[in-house]
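Enquirer: No letters, just coordinates:
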């Protein structure tokens, strides 16, 4: 009888201890989850504006490196086709280097599209430059660049801009 009583108390004590353990772990898990959510929301509060700024800057970058915008800004400053080519390529490199850190805030796919757009623009400029003499007037190179751009079905920057806009919509 005495053993049964001791066994009953031990069993009852074990059940109570297990119940207390389960209650404490459940409450602790909920507290940890709440803290995780708080930290995540604070991170989003901090990073969301930075991400949006990165997307804005890269949209501006893509607009600035379109051949039409480049040529409107830079043709008057060149004296020859060769000089215009060098100015255009330097402008693209400078814009890219100024914005290269923005890749931290966007997807790899978006950054690849931006890089592809830049490389295609550089290729169009270089291809057009091979078709005019170095001493030709800058307007001759500008015309060749425009003719190459018109031949393309999809403009390099247009596709990258579309990808960026889709990702921005996905954020919201």
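Expert: That came in fine, so what should we check first? The shown structure was predicted, so the numbers you read here are calculated from the model rather than taken from an experiment.

Enquirer: For the rest of this, base every contact and every neighbour count on C-alpha atoms.
Expert: Will do.

Enquirer: so what pLDDT did the most centrally placed residue in the chain get?
Expert: Centroid-nearest residue in the chain: residue 106, 2.5 Å away (criterion: CA atoms, centre = their mean). In this model, residue 106 is scored at 92, pLDDT.

Enquirer: residues of the strand or helix carrying residue 123 that come out buried?
Expert: Assessed by DSSP states H and E, residue 123 sits inside helix 108-130. Within helix 108-130, the residues that qualify as buried are 110-111, 113-118, 121-122, 124-126, 128-129, counting by 16 or more other CA atoms under 10 Å.

Enquirer: Now do the helices in the chain.
Expert: 2-64, 67-74, 81-99, 108-130, 138-151, 156-171 (DSSP state H).

Enquirer: which stretch in these is the model least sure about?
Expert: Of all the helices of the chain, helix 2-64 has the smallest average pLDDT, which comes to a mean of 87.

Enquirer: between that one and helix 67-74, how many degrees?
Expert: Per axes from the mean of the first three to the mean of the last three CA atoms, to 10 degrees, the angle that helix 2-64 makes with helix 67-74 is 60 degrees.

Enquirer: what does stretch 155-167 rub up against?
Expert: 55, 59, 62-63, 65-66, 110, 113-114, 116-118, 120-121, 149 (CA atoms under 8 Å, 6 or more residues apart in numbering).

Enquirer: Kindly indicate which of those lies nearest residue 87.
Expert: Comparing the contacts of stretch 155-167 against residue 87 with CA to CA places residue 65 closest, at 12.2 Å.

Enquirer: hang on, the earlier thing: which one of the contacts of stretch 155-167 sits closest to residue 134?
Expert: For the contacts of stretch 155-167, the closest approach to residue 134 (CA to CA) belongs to residue 121, at 19.2 Å.
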